[in-house]
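Engineer: Okay, structure incoming, though there's no sequence with it:
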């Protein structure tokens, strides 16, 4: 039934004829075939469940389902498997080997300990740099001069600790904003 709904959507997206094959419609509509899309969604959900923190109410059941399946080498099928057992059997994702990233919560009036400053003119940038009393400073920029790219510099006092550059390509294929983002990414790395 769901494959039929996806076919109807593909027909509407592409404006194709009813006699067109579903796989052709999906390819032109840039959609995965229904079974692959369903498998992708289930895999993503299983991965998200594997990374739940220990305080989550489902964590114990997810661990139990995985342990049962791994104890039987993922061979023996339960007579009436729960959806968690079915997912553990299908994807074999070990929750104990998966990194768990705890959510970060801040007080609403939290103020970060990093000063961010964006100068509008070069003179302002020079003045702010001269006035800066931080020992370690990070500068990043992106531009569209001779193509689009980004750069970042880390300074410890007056000494350059490290610098990175990355050239994206010609300005016909990329924007200055992409260069700015590349500069920020290089600064974080």
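Structural biologist: Arrived safely, thanks for sending. No experiment lies behind these values; they were computed from the predicted model shown.
Engineer: For residue 140, give me phi and psi.
Structural biologist: With angles defined as degrees, to the nearest 10, residue 140 shows backbone torsions of phi -140, psi 150.
Engineer: typo on my end, residue 159
Structural biologist: Main-chain torsions, residue 159, degrees, to the nearest 10: phi -90, psi 130.
Engineer: Can you tell me the element the residue nearest the centre of the chain falls in?
Structural biologist: Centroid-nearest residue in the chain: residue 44, 12.3 Å away (criterion: Cα atoms, centre = their mean). According to DSSP states H and E, residue 44 maps onto helix 34-50.
Engineer: Residue 26: neighbour count?
Structural biologist: Residue 26 has 22 neighbours, counted by other Cβ atoms under 10 Å. For the C-beta atoms, the positions are set from N, CA and C on the backbone; glycine is no exception.
Engineer: Pull the contacting residues for it.
Structural biologist: Contact analysis of residue 26 by Cβ atoms under 8 Å, 6 or more residues apart in numbering lists 6, 10, 32-33.
Engineer: so it is in which element?
Structural biologist: Here residue 26 is covered by helix 22-28, with elements defined by DSSP H and E.
Engineer: same thing with residue 123?
Structural biologist: helix 122-131.
Engineer: quick one: contacts of that helix?
Structural biologist: Outside helix 122-131, the residues that reach it (Cβ under 8 Å, 6+ apart) are 117, 119, 137.
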